[in-house]
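In: can't give you the sequence, but here's the structure:
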């Protein structure tokens with residue numbers, strides 16, 4: 001998955017936070033403090049569509065843009081990519097685990113237990 005640039009991330013934050021797909025004009029409205037031209041927003045939306053981050057649907061004369069995956073799915077892919085770059089995955093995982101809060105550690109433990117259960121590897125430890 002390609003990384004997002006700063007403006008691409010801002011656009012995706014708008015789309016991830018929206019309850020439904022938005023037009024380019026609506027996206028530009030949410031980014032009004034940046035004083036972007038509509039053509040700039042359209043260019044960013046086009047690039048994000050090309051990269052697979054969003055889909056475009058025609059609705060009358062306008063196109064509506066919506067994310068192809070959730071923000072959480074995007075973060076999970078990034079985390080997996082970063083882990084894949086580690087020369088010592090065990091050390092990277094141990095370092096990460098040592099830095100998370102108790103609540104995050106419990107959530108991670110639950111997610112790992114579910115992943116093991118789904119893969120059939122949790123039966124021996126249950």
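Out: All right, it came through fine. Note that this is a predicted model, so its numbers are computed, not measured.
In: For residue 68, give its distance to residue 90.
Out: Look at residue 68 and residue 90: by CB to CB, to the nearest Å, they are 33 Å apart. Glycine gets a C-beta too; all of them are placed from N, C-alpha and C.
In: again, but for residue 19
Out: In terms of CB to CB, residue 19 sits 41 Å off from residue 90.
In: Between these two, which is the more surrounded one?
Out: The residue with more neighbours, out of residue 19 and residue 90, is residue 90; 8 against 5, by other CB atoms under 10 Å.
In: The helix or strand hosting that one - contacts with which helices or strands?
Out: Residue 90 belongs to helix 89-99 when elements are defined using DSSP states H and E. On a contact count with 3 or more CB pairs under 8 Å, 6 or more residues apart in numbering; DSSP states H and E, helix 89-99 meets helix 71-84.
In: Okay, buried residues for the helix it packs on please.
Out: residue 74 (16 or more other CB atoms under 10 Å).
In: Centre of the chain to that helix, how far?
Out: 8 Å (CA atoms, centre = their mean, to the nearest Å).
In: Tell me where the model's unsure across the chain.
Out: 1-2, 121-126 (pLDDT under 70).
In: now the most centrally placed residue in it: how far from residue 62?
Out: The residue lying closest to the centre of the chain (CA atoms, centre = their mean) is residue 74, at 2.4 Å. Distance check for residue 74 against residue 62: by CB to CB, it reads 25 Å.
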